[in-house]
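**Q** Compute the structure for the input listed below.
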Amino acid sequence: MGRDSIVTIAAISLVAYVSADVAHHVLGHGGACLALRGQIESLSSVHVKCSVTGSAVDLAGPVANLIVGVGTLLGAHFSSSRRLVATHLFCTLAAAFNLFWFGMQLVYSAATKTDDWAWAIQQYHVAEPVRYMMIVLGVALYTFAVRAVGHQLAPFAQPLVRARVIAVTAWGTAGGIAILTAALDHNASSVMLRGAVPQSLLLHIGLLSAPARAARSSPSDGASSYLDVSIPWIVTAVIVGGLSVACLGPGVAVAI
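**A** Reported below is the predicted structural model:
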C-alpha cells in the first residue's frame, strides 16, 4: 500500500495557510489602507494598523478571504485530474483556510461586536435581529465550506485515515507557522493568545471534520495517486514560511 509524504503535505499546507493570512492582512486590510491613501503604520500576521480607519479597511480583510476562498475552491474543482494531485490539494486547503476564516470570523465578530465587522455594525446602526441573522449566515457559510472542502478531499478518502492524516497535518501546520511567525512580535505572548492561536487553530477547526464528509462522497474508483516527496513544494514552503516569519512576524510599515 502506498503512503503520502507528510513533508509534502505539510509544505502544501503551509503555503495554503499563508495564502489566507496574506489575503486577509496584506491584500485585504493593507490593500484597502493604501487604496484610501493611508499609511500602514504596522502590518503583521495578526494585526494591521492604518492611519485611515473605517469599515472599508476593516471589512476588506474578510472580503479578501472570501474572494480568494471562492477562487481556490473553483481551482480545486478544475484541478481534479490525477496528474494534478498536489495542485488540487493546495487549492482545496487554500479554499478551506480562506472560507473558514471568513465564516467563523463573521460569527465571532457579529456575536461579540468586536473585530472586523464591529465598525460596520456600529456605523450602520445594525439592528439586533440583523446581527443575529449575520451570526446565522456565518454558521451557514462555515457549514457549506466544510461540506465543499470535504467534497474536494473525497479523492484522498480511500482509505479514510488518509484524509484524516491530511486534515490533521494541515491544521497542525497552520498552527505551527502562525505561532512561529507571531513569536517574533514584541508582544508575543498576548499576540499568540489573542491572535495567532485562535486565527490558525480555532477558526479552522472545521478542517478536522472534513474527512468524514469526504468519505461520504468518495468515488469507488476515483482515488487520487499518492503524494511523493516534492522538492518544488518543499522549497516553496521554506521560502514562503521564511518570508512570513521575517516580515509578518515583527511587522512592517508601508507608506506611499
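
**Q** drop to CA atoms for contacts and neighbour counts, all remaining ones
**A** Will do.

**Q** ranges for the strands of the protein?
**A** 40-43, 48-50, 252-254 (DSSP state E).

**Q** Could you identify which of the ones you listed is most buried?
**A** Across the strands of the chain, averaging neighbours per residue (mean count of other Cα atoms under 10 Å) puts strand 48-50 on top, at a mean of 22.

**Q** average pLDDT across it?
**A** On average, the pLDDT along strand 48-50 is 91.

**Q** by contact count, what packs against it?
**A** In terms of contacts (3 or more Cα pairs under 8 Å, 6 or more residues apart in numbering; DSSP states H and E), strand 48-50 is packed against strand 40-43.

**Q** Convert the strand it packs on to PDB, retaining C-alpha atoms only.
**A** C-alpha atoms of strand 40-43 as PDB (Å, rounded to 0.1, in the frame of the first residue of the first chain):
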ATOM      1  CA  ILE A  40       0.300  51.300   7.000                       C
ATOM      2  CA  GLU A  41       1.900  52.000  10.400                       C
ATOM      3  CA  SER A  42       2.200  48.300  11.200                       C
ATOM      4  CA  LEU A  43       1.300  45.200   9.300                       C
END
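
**Q** for that strand, what is the average pLDDT?
**A** So the average pLDDT for strand 40-43 ends up being 90.

**Q** now it, how far from the chain's geometric center?
**A** 21 Å (Cα atoms, centre = their mean, to the nearest Å).

**Q** Need the contact partners of that strand.
**A** Contacts with strand 40-43, where a contact means Cα atoms under 8 Å, 6 or more residues apart in numbering, come from 25-26, 30, 33-34, 48-51, 248, 251-255.

**Q** quick revisit: closest one to Trp119 among the strands of the chain?
**A** Minimum separation from Trp119 across the strands of the chain (Cα to Cα) falls at strand 48-50, 14.3 Å.

**Q** Pull the residues that contact that closest one.
**A** With contacts defined as Cα under 8 Å, 6+ apart, strand 48-50 is touched by His25, His29, Gly30, Cys33, Gly38, Gln39, Ile40, Glu41, Ser42, Leu43.

**Q** same question, stretch 247-256
**A** Outside stretch 247-256, the residues that touch it by Cα under 8 Å, 6+ apart are 34, 37-45, 181-186.

**Q** Stretch 112-132 now?
**A** Under the contact criterion Cα under 8 Å, 6+ apart, stretch 112-132 has outside partners Gly54, Ser55, Asp58, Leu59, Gly61, Pro62, Gln105, Leu106, Tyr108, Ser109, Ala110, Ala111.

**Q** Just the pLDDT for the first one.
**A** This means Gly54. 91.

**Q** That one and Leu73, how far apart?
**A** Computed as Cα to Cα, to the nearest Å, the Gly54 to Leu73 distance reads 30 Å.

**Q** Sounds good, over and out.
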